[in-house]
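*Asks:* Predicted model, plus sequence, below.
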Amino acid sequence: MLSLIVFLPVLGALLCLVVPKPHVRTVAVLAAGATLVVSLFLVPTFLHGGSNPADVFGNGYGKLHHVERAAWIQGDEFTIEYFLGVDGVGFPLVILTTVISFLACLASWNFDTWKINRGVRAYFSLFLLLETGMLGVFVSLDFFLFYVFWEVMLLPMYFLIGVWGGPRREYAAIKFFLFTLAGSVLMLVALVAMYLQSGAAIHEAMEATSQPGVASAYRDATLTGGTFDLIEMAVNPVIQKHFASGLTRFLDFRFAPVMFIFLFIGFAIKLPIVPLHTWLPDAHVEAPTPISMILAGVLLKMGGYGFLRLCYPIFPTAAKEFALLLAVIGVVSILYGALCAMAQTDFKKLVAYSSVSHMGYVLLGLAVLTKSGFGGAMFQMLAHGVSSPMCFFLVGVIYERAHHREINRFGGLWLTMPKYGTMATIGFFASLGLPALCGFIGEFWVVMGTFEARSMFTWAPVAAVLAAAGVILTAGYILWLIRRVYLGPERDEYRGYSDASAREMGIMIPMAILAIVMGILPMQTVFNYTTGTLNNVLKHVVAMVS
Amino acid sequence: MDSAVNTIMSGSEPIGRQLLLLSPLLALVATLLAVVVAPLFAGRGVRPVVTVVLVGLVVTFLAVLRVTGEVAHAGAAGLLAERLSGMLIVDNLSLGYMFILLVFLVGVMWLWWTGSAPTEQDAPEFFILLLGSALGMAMMASSTNLLFIVVAMETASLSSYAIVGFDKKNPVGAEASLKYVVFGGISAAIMLYGISLLYGLCGSLDVAVVARYTLEALQPGGANVIVLTLGLLCFLAGIAFKMSAVPFHFWCPDAFEGAKIEVTTWLSVASKAAGLILLARLALTFCAAAGNQTAIPLLLPLAWVVGILATITCTYGNFCAYKQQSVKRLLAYSSIAHAGYMMMAVTVFVYVDPQRAPTPLPGIGALLTYVVIYLFMNLGAFGVTGLVAWETGSDKLEAFTGLARRAPWLAVPMVICLVSLVGLPPLAGFIGKWWILLALGATGGTLGWLLVLVMVLNTLISLFYYMRIVVRMGLHDTEAGPVRPPVRGVVLVNVCAAALIALFVLAYPLKDLTDRFAQALYLPVVSATQDGKQAVVSGLPLVSDGYVENRRPSE
Amino acid sequence: MGNQEGGTSKPRRGGVSKPRPGGMPKPKAPACCGMGPLAPQRAWRRCACPCHPGAHRRVAAVVLALAVTLAGTGGVAMAAGETAGVVRGEQPGLLEAVLFYLVATGVVISVLGICLSRSVVRMAVWLFVTLGLVALLYFLLAATFLGAIQLIVYVGGTLVLLVFGVMLTSRSPWARYNCRAWELYGAGVVCLVLLVSLCLLLGRAEWVGTQATTPGVPVARIGEVLLSKYVLPFEAAGVLLFIVMVGAAHLARDTKK
Amino acid sequence: MLTIGLMHYLVVAAVLLCGGIFVMATKRNAIGILMGVELVLNSANVNLIAFDRYLCRAGIDGQILALFVIVLAAAEAAIAVAICVNFYRVLATIDVDRATKLQG
């Protein structure tokens, strides 16, 4: 099932290469749609949990569904597995990815009218390849496989920005590539080090107990060497102990903090956090609209997912140690992103900086190690995954007509294009965090969670207050934006613009519905699936820390 | 006279069996002679020569297969007896290199067939020199005696000098071969002086004895430490020249740019790999000599020397590649960088764990994997460069502008090869780096982890210049019309690109194969005999158990 | 090869001396290094030839250097405990010693000659002397076969090949190629330091047994070893020579057909 | 002093080596540099033969290696001279400094 989801887009990409040019986009949309449909078959598994999520995820961290595993690269004590599976963290992100990919694919439907419209086959093939890479990251549970998919996504994205992007596309593309690769080489070092350290742990335990292996806590297996299994690393007490107390081979640092930082930088670049965010405005602004949607909607979530899948479960002690640092970075991202957004006159850049601000909540929510914080972070990822593609698409719609993105040159668009204006209001309010829309829940829970953490961290209330101030800043720039672009008197230069077409509405309405439904029914749409896993991650983290 | 015959037979092996073990090399020599004779019957045309060479290569391949079976049958314990009069050893490592060499020869011939064959007047000479250098490299990979190493290296080098300047009318080629021969002559002379010192100190030209003596004499406070180090460094300089490691790399960019593209491709993989295999064999011999635990710390400085050389080599190669305008030259610098990565694999033998005997086997396995993958990457990248150069008349970066539109069947494999050279998944280049990283990390030493960091940082640096070509091909465009390369060339580069994807997915079978070729290697153990001379008395093969043991992460 | 007399080479510092008929140069002053008309002061700086009349001081310096070197040789040998030969009770071979010192002095002088000559042909002549003297050293070392080979192959073959190369490739075989003064002095200093440190190092090393025990190897033994233990490299060298022949013939052959 | 021993020959070889290195470093002519190479090769040969003669555990190997070195030097000289001749024919000079088509 998961393999099908992951590799359907590849199939589509190959088809795109052979079908006649006029049909390429149809094939691509069908492939993305098929992937979406197949991914929806995952939902029933999670619905069975109903009101009691513990039924689904109560068996401890690492209760997986739709598991597929096979040995891929196997040595004597060395197995890199083809290991896919989803739990409450991966599942919503898979759905998000397929939905946003499908909508972005639809948004590419007018490819022929783009300024750079050569290479239609290449565009859609790379697009679908990108989808494979993203889905692969969210479902792979073997670290090696995870890394491979992480890198698979890199090159298509590079070309999608570099070939079909805006005027500074080359710069933006290489910057994106370089930042991500810089992060992922650190991840590669961590990959090698964690494998070897887990092997050392197993061998130590084997020698201590003179058993021929170490029983795995969550699957019927006996470990005799190192492992790449992400769940195993998190739940196996032998490995955990060794990770927490061991030293690195090189210069004898403590193992956990070093690896945590390596992984953290890798994921934080993707998230992005403030000192490492500079690729994001460039990439978002230069990328074509559908790619901006993917970038904001899905790619940024890979960073947050990385924290939840690797950093926190595997290195809980380090997470506790670095909590203050992470919270500070999170708060700075929130405030700095919001202030930057406020200063922008480029419509797309504003949305891009708002992403930095919003993802800061994810980091803050994770940093404080509370249930509400984790839940809020997860929800914020999904909410942002819905609202920011919508914002980017809204920008794209108007850019196609006006061919500029200067906020100050717009005005009164609601009157000119009422359907578009309505959608824009929903989208931007969702991003703002208006109650009853999706953005509110995540930010509110994160702030709540930060307050709750005051028993553990004395600085938590300060962070909560600052994060709440971020909400106000967000409201400021978004309302100001709406006033400048959509309200006010109708301008002559935009008078003849056609309202959003059926296709455009077809792309916006699902996102708008999602934004509203997630805002009204957060439990049924998100929390029911995620809380169990998140709580178990948290329980695991807290247990390890105390 | 009888005594002479007896000594000939003294390998304790019947002469027939010795000939069997030598049959791959003999088949290569026979092919070479057949190429000389063939024009007498069939004219100097391209076709008969290529036919003869192909038949010869097939025969050689069969011979290698046969000998592989023989060696596998005899097992590791039999390797010492099969040592051919103390000069050569035919073991898995040399056979593995022979396989790589043959596959690569066919690839290079294919490239030649696409590009140069139509205008070639001197095909027999070209193949004599090509096969001659192949013969020299094959001998390098199996020599166990300093004298034979010298002869083998000179065979490889002298043919290479000539083949670089093969296109006589090309002034750049003439200059390249001149520089190559001058630097090559200097390095060979320096190496010989080093060998003479080693001979004086160790009293033997046998590498095993030299290793044994070196480890004895390198004990702190030894009188001969400096002279011995000098001799070893001079000797290493000669090998470093073949690998184009950095202080000895001057010839490499020039020779690569000046030579015909097939020759460049050939040298960029085969000659470097031969040097690396030789280095790996030396590491193996030293590890065998340090079999007793006390000598292990003495190996560390040797590993450091190679490690530092590797670091300088790959960093320098990557930085220099950045400002190149000629793609051929850029790839030449990239090949220097890759030689650095591969040298890192050779440093893998000293472990932090004192319980673990030094063994370079994980490194040799990783090295062989890397060479196999590197072969396809370079053949593909140089192949595309050659096809573009033949069609447009230029190998400059500008010639690649807009290639994605002008010739997608060249641009796509080129992107795949370049990204693989960077070392990103899902391409085989990553797998090559991965095994080296893992082997380095598993040593658990400071050196290992330093090299891990050096390697990943260099990956980052290398991104810049490889992407320059990608940017030119994909992101820029020009008015120039489409490029229509010959179909066989397109097939070649696409086969290479497909191989890179396939080798990623099939990483395990590849590693399994190369590991098998990195096992049960010839490991001489030396002990002093009564008259004060040292002799190789027994072979201690590393069985697979030992290998597993050593792969285990250290405590 | 028609270019030999054709092109006009750029005038270089020191000028190109006239090609002289007769090929082999005669080391006679003052034409030997083409410095004739120059003032002695400048010739002193430029002329590397010990036989130049303006270079008396030069000659003196060379002799001094030789004396120092020889004394150094002896001194280092003493320091290294090179007394084994006396200890072993044999007659100190006076003749051997005299011969050795003569040959060694010759080697040093001719090496200096190679180093300091500017004309390639002159270098070749000095190399001729050096190689010949090295052959004498081989005789002194009781390696008569090697000495003969050195004379036949090296002096008679390789060197002639090099001289041919000089003749074929130089517009004027007397052309000289200068390098900058600081390079010359820098290289000189580096090489002297290298020489001294090498002598000291080699003197310090412990060589296992330093007596001339073997009475020289009979030629038959060499042949025997060459065809038994070293048969593989022997054959490989044959193949190598064959390949080299093909390669050299290809490269040197005229392209115009 | 009057007994000629190993060291004497080693010193002569060192002189040859350093002379060869000096020649390689200062000559601007390909064949000149090759002459330097010949000097270094001879230095190695003197070493080898001297070791054979004076060291008790050495056998005949040094002489054999020296023999091979002579052969290899001849082969190398042949190739080098051929390359020089070809280069000269193309560019009409063998001045290494003037070989500037290929720059670092």
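*Replies:* Nice, I can see it.
*Asks:* so is the residue nearest to B:Leu26 when sequence neighbours are not counted in a helix, a strand, or just coil?
*Replies:* Closest residue to B:Leu26 apart from its sequence neighbours, by CB to CB, 6 or more residues apart in numbering or on different chains: B:Leu19 at 7.1 Å. (Each C-beta comes from the backbone N, C-alpha and C, glycine too.) For B:Leu19, the assignment made with DSSP: H, G, I helix; E, B strand; the rest coil gives helix.
*Asks:* what about the stretch 351-500 of chain B, any weak spots by pLDDT?
*Replies:* B:354 (pLDDT under 70).
*Asks:* and whichever residue of it sits closest to chain D, backbone torsions?
*Replies:* Per CB to the nearest CB, B:Asp395 is where the stretch 351-500 of chain B lies closest to chain D, at 13.3 Å. Torsion angles at B:Asp395 (phi, psi; degrees, to the nearest 10) stand at phi -110, psi 20.
*Asks:* same check, this time on B:Leu233
*Replies:* Phi and psi for B:Leu233, reported as degrees, to the nearest 10, are phi -70, psi -40.
*Asks:* if we can go back for a sec, ok, the residue of the stretch 351-500 of chain B closest to chain D touching B:Val384?
*Replies:* No: taking contacts as CB atoms under 8 Å, B:Asp395 lies outside contact range of B:Val384: 10.4 Å.
*Asks:* ok, the two, which is more surrounded?
*Replies:* Legend: neighbour count by other CB atoms under 10 Å in any protein chain shown for B:Asp395 and B:Val384, higher for B:Val384 (34 against 24).
*Asks:* so what's that one up against?
*Replies:* Applying CB atoms under 8 Å, 6 or more residues apart in numbering or on different chains to B:Val384 gives the contacts B:410, B:413-414, B:417, B:493.
*Asks:* need the contact list for the nearest residue to it once chain neighbours are set aside.
*Replies:* Of all residues not flanking B:Val384 in the chain, B:Met414 sits nearest, at 4.2 Å (CB to CB, 6+ apart). Residues in contact with B:Met414 (CB under 8 Å, 6+ apart) are B:380-381, B:384, B:400, B:403, B:469-470, B:473, B:493.
*Asks:* Recalculate using a threshold of 7 Å.
*Replies:* For B:Met414, the contact set (CB atoms under 7 Å, 6 or more residues apart in numbering or on different chains) comprises B:381, B:384, B:473.
*Asks:* Can you list the low-confidence ranges for the chain?
*Replies:* Answering for chain A, as no chain was given. A:48-62, A:76, A:217-218, A:249-250.
*Asks:* hm, I was asking about chain B
*Replies:* Low-confidence segments of chain B, defined by pLDDT under 70, span residues B:1-13, B:76-78, B:80-82, B:291-296, B:354, B:525-555.
*Asks:* need the residues of it near chain A, please.
*Replies:* Within chain B, the residues that sit near chain A (CB under 7 Å from any CB of the partner chain) are B:352, B:405, B:419, B:424-426, B:437-438, B:441-442, B:444, B:446, B:449, B:452-453, B:456, B:459-460, B:463, B:467, B:471, B:474-475, B:507-508, B:511, B:548, B:552-553, B:555.
*Asks:* before we move on, the earlier item: would you convert the contacts of B:Val384 into JSON lines that also reports secondary structure?
*Replies:* Shown next, in JSON lines, are the contacts of B:Val384 (three-state DSSP):
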{"residue": "B:Leu410", "secondary structure": "helix"}
{"residue": "B:Pro413", "secondary structure": "helix"}
{"residue": "B:Met414", "secondary structure": "helix"}
{"residue": "B:Cys417", "secondary structure": "helix"}
{"residue": "B:Val493", "secondary structure": "helix"}
